[in-house]
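[1] output the structure for:
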Amino acid sequence: MGKGEFIALAAFLMAVNSLAIDIMLPALQQIGASLGVESENHRQFVVSSYLLGFGLAQLFYGPLSDRFGRRLPLLIGLVIYICSALGIALVPSFAGLLVLRFVQGIGSAATRVITISIVRDIYGGRQMAEVMSLIMMVFMIVPVIAPGSGQIIMFFGSWHLIFVFIAIMAALISIWAYLRLPETLRPANVRPFTARSVIGGFKLVLTNRIALCYTIASTFIFGSLFGFINSAQQIYVGIYDLGVYFPFAFAGVAVFMSLSSFLNSRLVGKFGMRRLSHGALAGFITINTIWLAALILGPHPMPFPLFIGFFGLAMFQFGWIGSNFNSLAMEPLGHVAGTASSVLGFMSTVGGALIGAGIGQAFNGTALPMVAGYFTVSIIGLIFVLIAEKGRLFQPHNPAV
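    Model prediction:
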């Protein structure tokens, strides 16, 4: 397939994960009411249980794809995702829904790990960062349209229809992948699927300073995003009373991230991943510091235009951080791309989900816990980037990165 089709397919494969989260955010209140959930903070477990399954399963898909190729584990994961989505549409209890969301996350993990492995099979260095940025730009279409799509679906029926829609979309993407996606694992890179081989691959990842530290930094930065996702409905609807306009506010922030990813794809070849991501991290910290100070010292709640302005600027920086940090972590590990993507994805997703759950559960009727969370994780992220780079920021290691 051509480069354009490859980028589109890779983006939609990764978007299967985003679709499972973003499209049902407007329905959290209805899900809670339908299944007898009393605490509004407990509704957040619909997101957290999915993310935990998504993160834990990544440990297995990478080694499996390094042994059996990329296509078969990817298609099996998609089948698991589709079946669990249909099961959720029929589930009678909140506990059952959480179990099936965990299973759905297990299926979705294949799309994240194996898609990144496929990209790394084909591209490296700044070229990989450019392609990942374009993938992220297309991928970010989903957060723009998904909440609104969920809201529209509920005009025609209950929240159950949302999960039927998710299953249908995933089935269409699966057919596309089955018909058009080639096997990209080189025979020379096939690794035996044994405990010794898997542990050895994990050791390669965990003992590489750059890969490990950029992964930990990504974990904390993504924790802030998961914290927002957990709290989004409570902030936009509970604090700012946006009601049915909640999806538009959510989409507005996603547009900032999509624009950022597009600009990154245009600039990374010229300036390199380190200069762009380190500058974006400095901007992220600066914006979060001002945002937190304004929230503490200003009126409560902060006027919505000011809140969304700070948020949009912060997430614009986030768009430059995410794809570049991921590419920097993967760069030294191309010979074990599947296992590397597994370990890095597991750490960033499970760790980020737990951090995000902590931020979400701290919700107290104000946006302060979320913004304080953004400020804290940005500082911790900087610490690990400094460790990765031995204190020297903005310095390309070679012309390729």
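
[2] how near is residue 238 to residue 364?
    Distance, residue 238 to residue 364, by Cβ to Cβ, to the nearest Å: 11 Å. In this view, the C-beta of every residue, glycine as well, is placed from N, C-alpha and C.

[3] the stretch 1-150 of the chain: helices as residue ranges?
    Using DSSP state H, counting those that start in this stretch, the helices found in the stretch 1-150 of the chain span residues 3-22, 28-34, 45-68, 71-88, 94-122, 125-139, 141-156.

[4] can I get those in JSON lines with distance to residue 384 and mean pLDDT?
    Output for the helices of the stretch 1-150 of the chain, formatted as JSON lines (distance: least, Cβ to Cβ, whole Å; pLDDT from 0 to 100):
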{"stretch": "helix 3-22", "distance to residue 384": "24", "mean pLDDT": "89"}
{"stretch": "helix 28-34", "distance to residue 384": "32", "mean pLDDT": "88"}
{"stretch": "helix 45-68", "distance to residue 384": "19", "mean pLDDT": "88"}
{"stretch": "helix 71-88", "distance to residue 384": "30", "mean pLDDT": "96"}
{"stretch": "helix 94-122", "distance to residue 384": "20", "mean pLDDT": "91"}
{"stretch": "helix 125-139", "distance to residue 384": "19", "mean pLDDT": "74"}
{"stretch": "helix 141-156", "distance to residue 384": "26", "mean pLDDT": "83"}
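
[5] nearest to residue 359, out of the ones you listed?
    The minimum distance between residue 359 and the helices of the stretch 1-150 of the chain falls on helix 45-68, with 11.1 Å, by Cβ to Cβ.

[6] list the buried residues in the closest one.
    Using 16 or more other Cβ atoms under 10 Å as the test for burial, helix 45-68 gives 45-67.

[7] tell me the angle of that helix relative to helix 3-22?
    Going by axes from the mean of the first three to the mean of the last three Cα atoms, to 10 degrees, helix 45-68 is angled at 140 degrees with respect to helix 3-22.

[8] roughly how far is helix 45-68 from the heart of the chain?
    13 Å (Cα atoms, centre = their mean, to the nearest Å).

[9] try stretch 349-366
    Here the centre of stretch 349-366 is set off from its chain's centre by 15 Å, with Cα atoms, centre = their mean.

[10] check stretch 331-348 too.
    When C-alpha coordinates are averaged (Cα atoms, centre = their mean), stretch 331-348 and its chain have centres 15 Å apart.

[11] what of stretch 170-186?
    In terms of Cα atoms, centre = their mean, the centre of stretch 170-186 is set 21 Å apart from its chain centre.

[12] I'd say residue 106 and residue 57 touch.
    Yes. The pair residue 106 / residue 57 is scored as a contact, 4.1 Å apart, by Cβ atoms under 8 Å.

[13] which neighbours do those two have in common?
    Counting by Cβ atoms under 8 Å, 6 or more residues apart in numbering, the shared contacts of residue 106 and residue 57 are residue 77.

[14] rewinding a little: residue 238 and residue 364: which is more packed in?
    Neighbour comparison, residue 238 and residue 364: the larger count goes to residue 238, with 15 against 9 (by other Cβ atoms under 10 Å).

[15] separation between the more buried one and residue 97?
    22 Å.

[16] likewise for residue 356?
    19 Å.

[17] more crowded one of these two?
    Legend: neighbour count by other Cβ under 10 Å for residue 356 and residue 97, higher for residue 356 (27 against 21).

[18] name the element the more buried one belongs to?
    Per DSSP states H and E: residue 356 is located in helix 337-361.

[19] which residues touch the nearest residue to residue 227 once chain neighbours are set aside?
    Distances taken as Cβ to Cβ, 6 or more residues apart in numbering place residue 359 nearest to residue 227, at 2.9 Å, with adjacent residues excluded. Taking Cβ under 8 Å, 6+ apart as the criterion, residue 359 is in contact with 223, 224, 226, 227, 228, 230, 231, 369, 370, 373.

[20] any idea which of these is closest to residue 281?
    Distance to residue 281 across the contacts of residue 359 (Cβ to Cβ) is lowest for residue 224, with 12.2 Å.

[21] which strands and helices sit next to the helix or strand where the closest one lies?
    Using DSSP H and E, residue 224 maps to helix 209-233. Here helix 209-233 touches helix 45-68, helix 195-206, helix 246-271, helix 304-330, helix 337-361, helix 368-388, going by 3 or more Cβ pairs under 8 Å, 6 or more residues apart in numbering; DSSP states H and E.
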